[in-house]
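**Q** Based on what follows, work out the 3D shape:
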Amino acid sequence: GPLRDLLHDTLLASGAASGDWLEPRAVERLVRQHVTGRGNHGRALWSLLVLEQWARAYLGHRGAVDEVQTDLVQYKTPNAVQPAEVMAADVGHVICGS
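**A** A predicted model of the protein is given here:
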């Protein structure tokens, strides 16, 4: 589709900002299956594109993840859904469990 180049240039880039959180081989598999028609991973890939763009815009560099996580924990409410839980529901095993 029209987003094929964007998927490759963004999610599969060696310097992807979300590289600390995502398993690159799993992301590559999702992209490959979607592009070849062996899977319909549009929603998951869109979520990953948004995550990557957010990370580039607001984290600026991969090392900023710890700072953001500290801020998120500080403002967590008891009934809040954690971002990792939301993403895990969308993309399954792509999120690293660390």
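
**Q** And what about residue 10, helix, strand or coil?
**A** helix (DSSP: H, G, I helix; E, B strand; the rest coil).

**Q** what's the nearest residue to it if we skip its chain neighbours?
**A** Nearest residue to residue 10, sequence neighbours excluded (CB to CB, 6 or more residues apart in numbering): residue 52, at 5.3 Å. Where you see a C-beta, it was placed from the backbone N, CA and C, and this is true even at glycine.

**Q** Locate the one you found within the secondary structure: which element?
**A** Taking DSSP states H and E as the definition, residue 52 sits inside helix 42-58.

**Q** And that helix, what does it pack against?
**A** Helix 42-58 sits against helix 4-11, helix 24-36, helix 83-91, with contacts defined as 3 or more CB pairs under 8 Å, 6 or more residues apart in numbering; DSSP states H and E.

**Q** wait, isn't residue 45 in contact with residue 4?
**A** No - here residue 45 does not reach residue 4: they are 10.4 Å apart, not a contact under CB atoms under 8 Å.

**Q** between the two, which one's more packed in?
**A** Between residue 45 and residue 4, counting by other CB atoms under 10 Å, residue 45 is the more crowded of the two (25 against 11).

**Q** thinking again about what came up before, of all the helices and strands packed on helix 42-58, which one is nearest residue 59?
**A** Closest of the helices and strands packed on helix 42-58 to residue 59 is helix 83-91, at 12.9 Å (criterion: CB to CB).

**Q** mean confidence for that closest one?
**A** The average of the pLDDT scores along helix 83-91 is 45.

**Q** Could you measure from residue 53 over to residue 37?
**A** 25 Å (CB to CB, to the nearest Å).

**Q** now do residue 60
**A** In terms of CB to CB, residue 60 sits 36 Å off from residue 37.
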